[in-house]
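Colleague: Any chance you can model this:
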Amino acid sequence: MTGHIPSEIGDLENLEELYLQNNNLTGALPSSIGNMMNLKLMYLNDNNITGALPISIGDLENLKILYLVNNNLTGLIPNSIGKLKKLEAFSITNNNLKGSIPSEIGDLENLTSLYLANNNLTGSIPSEIGKLKNINWLNIGNNNLTGSIPNSIKNFINLKGLWFNGNHLTGSIPSEIGYLENLNNLYLNDNHLTGTIPPTIRSLIYIHNGKLQLINNCSLNTENQLVINFINSKVHEGYQKILDTNGNCNNNEGGNISVIYYLLLN
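Modeller: The predicted structure follows:
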């Protein structure tokens with residue numbers, strides 16, 4: 001199937017499920033899509049849809065599933081996304097979105113999976129993200145996010161997978177990471193994280209072997225032998241690999257400096 005999504009699609013006010021994935025659809029999403037008030041499932045993934053998400057997307061108050069993966073969407077994630085109170089799964093990976101993650105994302109109290117990876121998102125991770133107490137899978141990897149990991153992650157008590165990798169995050173790993181006792185995937189690699197790896201990381205006993213990734217940061221370390229032993233049991237290359245790949249530091253101008261120079265400066 002090719003061509004644009006016609007604006008007349010908004011006339012389907014009683015439609016509950018929309019499956020248009022894996023086609024060659026082009027053009028922007030019409031704002032009339034917000035008229036589909038009874039829509040519960042929307043699959044538009046794997047097309048060539050362009051343009052920005054319309055603000056009217058927030059009018060789909062009954063929407064539970066929104067899949068927009070593998071398109072060419074640009075622009076911002078609209079603040080109106082926070083109006084989708086029934087949304088359970090939101091995936092928009094592999095697009096060209098820019099701007100920050102809206103704080104309103106924290107209003108999606110029924111959300112169990114959020115995938116925003118592989119875009120051009122900037123700014124910090126909003127602390128409001130910690131309001132997603134039902135979240136199981138959270139992937140915001142491979143963007144251009146900055147700032148620190150918010151302490152509010154402690155509320156992710158049901159979280160199984162967390163991907164913050166491939167950004168420009170700074171600061172230390174918060175000790176609150178230990179609250180995520182159901183985690184089996186934790187990817188914090190390829191950032192600019194510094195400081196001591198918190199001892200609370202040992203609470204993550206369900207992490208799958210090889211699914212704890214802390215490499216390619218600035219200066220992560222620990223002298224706690226119990227933490228080292230834990231990491232060695234969860235990381236294929238062991239704790240030494242973390243030390244060997246330290247040095248991915250970020251100066252004030254956005255460039256990289258060596259870990260030795262970083263330590264001298266600090």
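
Colleague: any idea which residue sits dead centre in this structure?
Modeller: I140 (1.8 Å; Cα atoms, centre = their mean).

Colleague: How many neighbouring residues does the spatially closest residue to it that is not a sequence neighbour have?
Modeller: In space, and not counting its chain neighbours, I140 is closest to L116: 4.7 Å by Cβ to Cβ, 6 or more residues apart in numbering. C-beta here means a position set from N, CA and C on the backbone, and glycine is covered the same way. L116: 23 surrounding residues under other Cβ atoms under 10 Å.

Colleague: need the contact list for L116.
Modeller: 77, 92-93, 97, 101, 139-140, 143 (Cβ atoms under 8 Å, 6 or more residues apart in numbering).

Colleague: Turn those residues into TSV, including secondary structure.
Modeller: Listed next are these as TSV, based on DSSP: H, G, I helix; E, B strand; the rest coil:
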residue	secondary structure
I77	coil
I92	coil
T93	coil
L97	coil
I101	coil
N139	strand
I140	coil
N143	coil
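
Colleague: Now pLDDT and distance to I242 too, for those, in a markdown table please.
Modeller: Formatted as a markdown table, the contacts of L116 follow (pLDDT from 0 to 100; distance: Cβ to Cβ, whole Å):
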| residue | pLDDT | distance to I242 |
| --- | --- | --- |
| I77 | 98 | 33 |
| I92 | 98 | 31 |
| T93 | 98 | 27 |
| L97 | 98 | 31 |
| I101 | 98 | 27 |
| N139 | 98 | 22 |
| I140 | 98 | 22 |
| N143 | 98 | 22 |
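
Colleague: Throw these into a markdown table and include distance to S56, thanks.
Modeller: Listed next are the contacts of L116 as a markdown table, based on distance: Cβ to Cβ, whole Å:
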| residue | distance to S56 |
| --- | --- |
| I77 | 14 |
| I92 | 16 |
| T93 | 22 |
| L97 | 17 |
| I101 | 20 |
| N139 | 26 |
| I140 | 24 |
| N143 | 25 |
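
Colleague: M1 contacts T26, doesn't it?
Modeller: No. Using Cβ atoms under 8 Å, M1 makes no contact with T26, being 10.6 Å away.

Colleague: Neighbour count for those two, which is higher?
Modeller: Between M1 and T26, T26 has the larger neighbour count (other Cβ under 10 Å), namely 16 against 8.

Colleague: Can you tell me the closest non-neighbouring residue to that one?
Modeller: Of all residues beyond its chain neighbours, the one nearest T26 is N48 (4.9 Å), with distances taken as Cβ to Cβ, 6+ apart.

Colleague: Name the SS class of that neighbour, please.
Modeller: N48 - assigned by three-state DSSP - is coil.

Colleague: how deep is it tucked in, by neighbour count?
Modeller: 13.

Colleague: Kindly report the same for I125.
Modeller: With other Cβ under 10 Å as criterion, I125 counts 24.

Colleague: Quick check, pLDDT for it.
Modeller: For I125, the pLDDT comes out at 98.

Colleague: Hmm, it is touching I140, no?
Modeller: Yes. Contact status for I125 versus I140: in contact at 7.0 Å, counting by Cβ under 8 Å.

Colleague: shared neighbours, those two?
Modeller: Common neighbours of I125 and I140 (criterion: Cβ under 8 Å, 6+ apart): 101, 164.

Colleague: The residue nearest to N209 when sequence neighbours are not counted and N185: what is the separation?
Modeller: Leaving aside its sequence neighbours, N209 sits nearest to K234 (Cβ to Cβ, 6+ apart; 6.0 Å). Distance check for K234 against N185: by Cβ to Cβ, to the nearest Å, it reads 11 Å.

Colleague: what do you get for L132?
Modeller: Taking Cβ to Cβ, one finds L132 at 17 Å from N185.
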